[in-house]
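Chemist: Could you look at this predicted model? Sequence included:
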Amino acid sequence: MKYLTELVSVAVGVVILIFSNLYVSQYASFLVSFLNILGGLIASVPPVFLFYARYRKNKEIEEQFIVFIRDLNDSINSGMTLPLALNHCSKRNYLSLSKYVNEISAQVDWGIPFEKALKNFSDKIHSLAVKRAVTTITETYKVGGKLTDTLEAISRALITIEKIKKERSASVRSQVVTSYMIYFVFIFILVVMQVFLIPALSQKSATGLTESITGGGAVNSKMFSDVFVVFIIIQGFFAGLVTGKISEGTLISGLKHSVILILLGYAIFSFATQFQVFFA
């Protein structure tokens, strides 16, 4: 099963969270925050890490595909036939792309048409840029166009696209920092409300101000704490997705920001509100 590790990790984390909030909270409430953070880590970090690792692998393949296209074009221009050029490229190190280059070279050596070997390669890669480049190469090869000119044009186009992505990522770095700062200001406001404002409102006022605000009853501090935690999770999740979309252009890359924001936000809020009793 492809996502078995992720499912097991999420299941274990959810069990810890349920156990913490339904059982531990009744007998050892001081451990709830620790167990919630632990459960959140187990449920979110391994799946996000694995998803992001696959994303980074695809990014690496896209970058190395540019190098492979350039090397293949140079080999053909030097006078090599296509099979020899592929064999020559298969001896080079293209990191995550190397095994696919070896497969293409081996398939062509076995008599499989070049365009079919490329199609098999693109079917295994979850990259839109690579699929488009492969489609252009195979169509040119089928109609008898000059392969070297096509490879050169594709190489220039992919290099330009990659350069634009890196420039965009560098230009929005300050916005990523700003997103983090806004989130932690939000956490600070919630902490101040939970530690100072809510305890003050929970005490009966001689002027009757509290009764007018709360409808005649004391403020339920635990209820507000639970609501604030939900706010932290929602705000952290969507702020992380937006940050990833801005910085790297994909929501998958935003998951790591979401996990970081949610866990840090919950940890800060839980730790700070432990001192509520001393300030009340």
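Modeler: Right, received. Where do you want to start?
Chemist: Output the below-cut-off pLDDT ranges for the chain.
Modeler: For the chain, the stretches with pLDDT under 70 are 1-2, 30, 144-145, 202-220, 275-280.
Chemist: Try it again at 90.
Modeler: Low-confidence segments of the chain, defined by pLDDT under 90: 1-66, 68-92, 94-97, 104-105, 107-179, 190-231, 233-234, 240-260, 263, 266-280.
Chemist: That one - how does it break down into domains?
Modeler: 59-169, 172-280 (automatic domain parsing).
Chemist: Turn those domains into a markdown table, including distance to residue 20 and mean neighbour count.
Modeler: C-beta: built from backbone N, CA, C; applies to glycine. Converted to a markdown table, the domains of the chain look like this (distance: least, Cβ to Cβ, whole Å; neighbours: other Cβ atoms under 10 Å):
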| stretch | distance to residue 20 | mean neighbour count |
| --- | --- | --- |
| domain 59-169 | 36 | 16 |
| domain 172-280 | 12 | 16 |
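Chemist: Compare these and give me the one nearest residue 21.
Modeler: Between residue 21 and those, the tightest spacing by Cβ to Cβ is seen for domain 172-280, at 9.7 Å.
Chemist: just how off-centre is the closest one within its chain?
Modeler: Remark: domain 172-280 is offset 23 Å from the chain centroid, using Cα atoms, centre = their mean, to the nearest Å.
Chemist: which one of the domains of the chain lies closest to residue 36?
Modeler: The nearest among the domains of the chain, by Cβ to Cβ, is domain 172-280 at 6.9 Å.
Chemist: List the contacts of the nearest residue to residue 173 once chain neighbours are set aside.
Modeler: Of all residues not flanking residue 173 in the chain, residue 247 sits nearest, at 7.4 Å (Cβ to Cβ, 6 or more residues apart in numbering). Residue 247 makes contact with 169, 172-173, 175-176, 253, according to Cβ atoms under 8 Å, 6 or more residues apart in numbering.
Chemist: closest to residue 5 out of the domains of the chain?
Modeler: Closest among the domains of the chain, using Cβ to Cβ: domain 172-280, at 15.7 Å.
Chemist: In contact with the residue lying closest to residue 272 once chain neighbours are set aside, which residues?
Modeler: Counting by Cβ to Cβ, 6+ apart, the nearest residue to residue 272 once its immediate chain neighbours are dropped is residue 191, at 4.4 Å. Counting by Cβ under 8 Å, 6+ apart, residue 191 touches 268-269, 272-273.
Chemist: So residue 249 versus residue 54, what's the distance?
Modeler: As judged by Cβ to Cβ, to the nearest Å, residue 249 and residue 54 stand 16 Å apart.
Chemist: whoops, I mixed them up, residue 176
Modeler: Counting by Cβ to Cβ - residue 176 and residue 54 are separated by 22 Å.
Chemist: cool, residue 231 as well?
Modeler: Residue 231 sits 31 Å away from residue 54, taking Cβ to Cβ as the criterion.
Chemist: Check residue 70 too.
Modeler: 25 Å.
Chemist: Then residue 14?
Modeler: Residue 14 sits at a distance of 23 Å from residue 54 (criterion: Cβ to Cβ).
Chemist: the strands in the protein, which residues?
Modeler: For the chain, no strands are identified by DSSP state E.
Chemist: Skipping its backbone neighbours, what lies nearest the residue nearest to the spatial centre of it in space?
Modeler: Centroid-nearest residue in the chain, with Cα atoms, centre = their mean: residue 253, separated by 2.8 Å. In space, and not counting its chain neighbours, residue 253 is closest to residue 244: 4.0 Å by Cβ to Cβ, 6+ apart.
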